[in-house]
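What follows is a predicted protein model with its sequence.
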Amino acid sequence: MRVLVLVVSVLCAALLSGCGGRDRAGDGAGLADQDRFLREYVRVLNDSDQDGLARLLDAHPAGAQDAKARIAAYGGKGWDVSWSRASEFSGVWRVTLSGTAGTDRAPVRVTETVTWENEHWVMAPLNGVVPTPSNAADTTPPGS
């Protein structure tokens with residue numbers, strides 16, 4: 001009987017994980033697409049390609065300034081990163097990147113807000129770096 005319960009539990013878990021490819025709105029903002037975006041983001045950081053990172057963040061008016069700030073804050077090359085995510089709103093994800101960076105393999109833990117805008121993923125600008133549009137949602141974590 002225990003074996004049957006275990007097999008059913010594993011099958012249910014597999015089915016549920018297979019259904020998680022799109023967010024609740026079904027608006028085309030697939031998590032697989034977000035994974036590709038985040039992999040490209042980490043690749044650009046590893047290359048320290050500020051122009052490339054600015055293009056990745058180009059939905060924001062001062063993307064190049066934001067790119068330089070992100071690279072400086074995260075210590076440059078050598079990222080080995082994984083991520084987890086949670087969403088309270090359709091198309092908006094709080095993504096926590098965890099891993100190691102640099103020659104000393106220092107621990108890295110960074111939280112980003114990733115949103116689905118104009119048919120592609122973008123990162124919310126860093127507070128105080130990029131001017132925030134007047135109609136933007138407040139992404140400041142509570143208690144900050």
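Here it is on my side, so go on.

Go through this protein and flag its longest strand.
Using DSSP state E, we find that the single longest strand of the chain is strand 106-117.

Now do that one: which elements does it pack against?
Contacts defined by 3 or more Cβ pairs under 8 Å, 6 or more residues apart in numbering; DSSP states H and E place strand 106-117 against helix 31-47, helix 63-74, strand 92-101, strand 120-123. Where you see a C-beta, it was placed from the backbone N, CA and C, and this is true even at glycine.

Let me have the ones you listed in a markdown table, adding mean pLDDT, mean neighbour count and distance to Pro107 as columns.
A markdown table is the format used below for the helices and strands packed on strand 106-117 (pLDDT from 0 to 100; neighbours: other Cβ atoms under 10 Å; distance: least, Cβ to Cβ, whole Å):
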| stretch | mean pLDDT | mean neighbour count | distance to Pro107 |
| --- | --- | --- | --- |
| helix 31-47 | 90 | 16 | 15 |
| helix 63-74 | 82 | 18 | 12 |
| strand 92-101 | 86 | 17 | 6 |
| strand 120-123 | 88 | 19 | 21 |
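
Relative to Leu56, which of those is closest?
The closest of the helices and strands packed on strand 106-117 to Leu56 is helix 31-47. By Cβ to Cβ, the value is 6.0 Å.

Can you name the next helix or strand after the closest one?
Once the chain leaves helix 31-47, the next helix or strand it forms, by DSSP states H and E, is helix 50-56.

mind checking how far that following helix is from the chain centre?
Centroid displacement of helix 50-56 relative to its chain, using Cα atoms, centre = their mean, to the nearest Å, is 15 Å.

Give me the contacts around it.
With contacts defined as Cβ atoms under 8 Å, 6 or more residues apart in numbering, helix 50-56 is touched by 37, 40-41, 44-45, 63-64, 66-68, 70-71, 123.

ok so, going back, pull up the pairing partners for the longest strand of the chain, direction included.
According to DSSP bridges, strand 106-117 forms sheet pairs with strand 92-101 (antiparallel), strand 120-123 (antiparallel).

contacting residues around the residue nearest to the spatial centre of the chain?
Residue closest to the average C-alpha location in the chain (Cα atoms, centre = their mean): Val95, at 4.5 Å. Applying Cβ under 8 Å, 6+ apart to Val95 gives the contacts Gln34, Leu38, Trp83, Ser84, Arg85, Thr111, Glu112, Thr113, Val114.
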